[in-house]
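> Just to be clear, the model below is a prediction. Sequence and coordinates:
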Amino acid sequence: MRNEAMAAVTLAILAAAFAPSLQDAPKRDASPPSLLDELIEKSKQFRSFTVDFSISHGDDTKAGTIHCDCRAPDSMHLEMRDGDDVTSTWCIDTVAIVRLEVKGVKSHARVDSREILDELAPIDAVVSREFGAPSSPTAPEHAASAAQVQAVLEMMWSFDAEMREGEFSVLAFAMANSPSPFGWLTTLRSKRAEPTVDGDLLRFKTDDDRFDVAVSKSDGVLRDFVGRSANGTIHLKLASAAIDAPVPPALLAPPPEPPEGADDTPKYRAIYTTAFVEIMRSHAYETIATALGDVPFDAAACARIERVLRPFSERHIHDAVDPWSQSMRRDVDQLAGQLRRAESAGVGAGLIGETRTRSKALFDDSLARARSNCIARVALPASNSPPDRASRILAIEREVMAERFDALVRDPLLAEFAKATGETRK
């Protein structure tokens, strides 16, 4: 599920963030390891890596750059440049330190995942309680163990066919029990992508052929990435890579304090929290699909699934809909003030009633569109869940989202409108 404010950007690079990779679904012992599995296992053994990519959008000839230095297990520096704009993230243990300069304006942020995971622990607990599952990679007991923490260069992409939107993000983070320091490999596995061998490359197509991905067959390094949507394309191309070469400590050292510019920690904390919630949601889908297997979803199973998904819906409403709700409340207050002034000025009851009726129709239309958009943005997460199971879970989640939107947003706003405007006294 995506934050509504972030989803409007088609194929946009998200600022470097700090979030966990997907937990892998259990594998059957009889299944031989795939070429992708072998690369993921091999990448865990790398002591360090340095990669440089160029990144371009559509026909733009001015390519940006992505540079990453990593020293296992938990030190990473990611720098993304687009012209004069620079975003840098340093990951040390579970702390992400961000420095930005955009259009000459500097800002900074510092986020520790432990604080976020403590806040989200009740959501993870519901999954464990309903399906007896092990905690997700975001669970506090994982994050608290520094010995398990590993830095990851994450890369995620998706396409929402209903919204006709593509999303692409490059993220630097540290997490416990990471499947691989190369996040594109775990994303490919979560999408059940099958490779085509092309010389020394493995080529993949995902999301109905909207994304082409090529990785090295020998070390798993990303060589080429192309994403397409109706509104444009994005192209990443490897410029250079070094595996197990020494990384000077100075390249991984965080910048000196105090930082310059505004403190953007609240904004980045919200970005990181959204990423954590989405990973927990992916884990929930995998847990439900694994626990229920091929058994049809009866009423009892649906009730358990609803209890698991309800906190995710409520979280999404809090993150994506609350700002809109506050704006609607201000509009209602403004309308109520106009109606009171009209009554005081002796405007006829008939004209005031017509104004109230027209305003109510616009209010209802806004609520209906917000409800529809909120439900439409509940998309399938990247997970190892069988497609048919995942689609059924998604249908239930959308029903839960509709119910929670009505209970938390629509019904309270309608009641406030009636009270503020005197609708019940017509």
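Here it is on my side, so go on. Residues are numbered from 1 along each chain as shown.
> how near is Glu79 to Phe53?
11 Å (Cβ to Cβ, to the nearest Å). Glycine gets a C-beta too; all of them are placed from N, C-alpha and C.
> Of the two, which one has the most company?
Phe53 (24 against 19; other Cβ atoms under 10 Å).
> Poorly predicted segments of the stretch 151-300 of the chain, please.
162-163, 176-177 (pLDDT under 70).
> ok so, going back, could you tell me which residues touch both of Glu79 and Phe53?
65-67 (Cβ atoms under 8 Å, 6 or more residues apart in numbering).
> any idea which of those residues has the most stuff around it?
Ile66 (23 neighbours).
> Surely that one and Glu79 touch.
Yes. With contact defined as Cβ atoms under 8 Å, Ile66 reaches Glu79; the gap is 7.5 Å.
> how far away is the closest residue to Arg356 other than its chain neighbours from Ser344?
Spatial nearest neighbour of Arg356, chain neighbours left out: Thr421 (5.5 Å); criterion: Cβ to Cβ, 6 or more residues apart in numbering. Using Cβ to Cβ, Thr421 is found at 15 Å from Ser344.
> For those two, indicate the residue with more neighbours.
Thr421 (23 against 8).
> my read: the more buried one touches Gln334, true?
No. Thr421 lies out of contact with Gln334 (Cβ under 8 Å); the separation is 10.8 Å.
> in which helix or strand would I find the residue nearest the centre of the chain?
The structure's the chain has its C-alpha centroid closest to Ala275; by Cα atoms, centre = their mean the separation is 4.0 Å. In the assignment (DSSP states H and E), Ala275 maps to helix 265-292.
> And the helices in the chain, which stretches?
All helices of the chain, identified by DSSP state H, fall at 4-7, 35-43, 113-131, 140-143, 183-190, 249-252, 265-292, 299-316, 322-344, 349-376, 387-405, 411-421.
> The last one packs against which elements?
Here helix 411-421 is seen to pack against helix 322-344, helix 349-376 when contacts are counted using 3 or more Cβ pairs under 8 Å, 6 or more residues apart in numbering; DSSP states H and E.
> Can you lay out those as JSON lines showing distance to Thr187 and mean pLDDT?
Output for the helices and strands packed on helix 411-421, formatted as JSON lines (distance: least, Cβ to Cβ, whole Å; pLDDT from 0 to 100):
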{"stretch": "helix 322-344", "distance to Thr187": "30", "mean pLDDT": "89"}
{"stretch": "helix 349-376", "distance to Thr187": "23", "mean pLDDT": "90"}
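> Make JSON lines from the ones you listed and add distance to Ala121 to it.
Supplementary listing: these in JSON lines, determined by distance: least, Cβ to Cβ, whole Å:
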{"stretch": "helix 322-344", "distance to Ala121": "21"}
{"stretch": "helix 349-376", "distance to Ala121": "25"}
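> among these, which is nearest Ala214?
helix 349-376 (32.2 Å; Cβ to Cβ).
> who does the closest one touch, helix- and strand-wise?
helix 322-344, helix 387-405, helix 411-421.
> and Gln150, which of those helices is closest to it?
helix 387-405 (27.3 Å).
> How about exporting the closest one as PDB, limited to the C-alpha atoms?
Output of helix 387-405 as PDB, limited to C-alpha atoms (Å, rounded to 0.1, in the frame of the first residue of the first chain):
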ATOM      1  CA  PRO A 387      -0.900 -15.200  -7.300                       C
ATOM      2  CA  ASP A 388      -4.300 -16.600  -6.800                       C
ATOM      3  CA  ARG A 389      -4.000 -16.500  -3.000                       C
ATOM      4  CA  ALA A 390      -2.600 -13.000  -3.100                       C
ATOM      5  CA  SER A 391      -5.500 -11.800  -5.300                       C
ATOM      6  CA  ARG A 392      -8.100 -13.300  -2.900                       C
ATOM      7  CA  ILE A 393      -6.300 -11.600   0.100                       C
ATOM      8  CA  LEU A 394      -6.200  -8.300  -1.800                       C
ATOM      9  CA  ALA A 395     -10.000  -8.500  -2.400                       C
ATOM     10  CA  ILE A 396     -10.600  -9.000   1.300                       C
ATOM     11  CA  GLU A 397      -8.200  -6.100   2.100                       C
ATOM     12  CA  ARG A 398     -10.100  -3.800  -0.100                       C
ATOM     13  CA  GLU A 399     -13.300  -4.700   1.600                       C
ATOM     14  CA  VAL A 400     -11.600  -3.900   4.900                       C
ATOM     15  CA  MET A 401     -10.300  -0.600   3.600                       C
ATOM     16  CA  ALA A 402     -13.800   0.400   2.500                       C
ATOM     17  CA  GLU A 403     -15.300  -0.500   5.900                       C
ATOM     18  CA  ARG A 404     -12.500   1.400   7.800                       C
ATOM     19  CA  PHE A 405     -12.800   4.400   5.500                       C
END
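> contacting residues around it?
With Cβ under 8 Å, 6+ apart as the criterion, helix 387-405 contacts 285, 288-289, 292, 297, 302, 305-306, 309-310, 312-314, 316-317, 321, 370-371, 374-375, 378-380, 383, 385.
> Recalculate using a threshold of 7 Å.
Contacts to helix 387-405, defined as Cβ atoms under 7 Å, 6 or more residues apart in numbering, come from residues 285, 288-289, 297, 302, 305-306, 309-310, 313-314, 317, 371, 374-375, 378, 380, 383.
> Taking those residues, please make a PyMOL selection of just the buried ones.
In PyMOL syntax, the buried subset of the contacts of helix 387-405 is picked out as below (16 or more other Cβ atoms under 10 Å):
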select buried, resi 285+288+289+297+305+306+309+310+313+314+317+371+374+375+378+380+383
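> List the contacts of the closest residue to Phe417 other than its chain neighbours.
Residue nearest to Phe417 in three dimensions, not counting chain neighbours: Val332, with 5.3 Å by Cβ to Cβ, 6+ apart. Listed by Cβ under 7 Å, 6+ apart, the contact partners of Val332 are 416-417, 420.
> Arg81 contacts Gly64, correct?
Yes. The pair Arg81 / Gly64 is scored as a contact, 5.6 Å apart, by Cβ atoms under 7 Å.
> any idea how the chain splits into domains?
The record's domain parsing of the chain by automatic domain parsing lists 4-263, 299-425.
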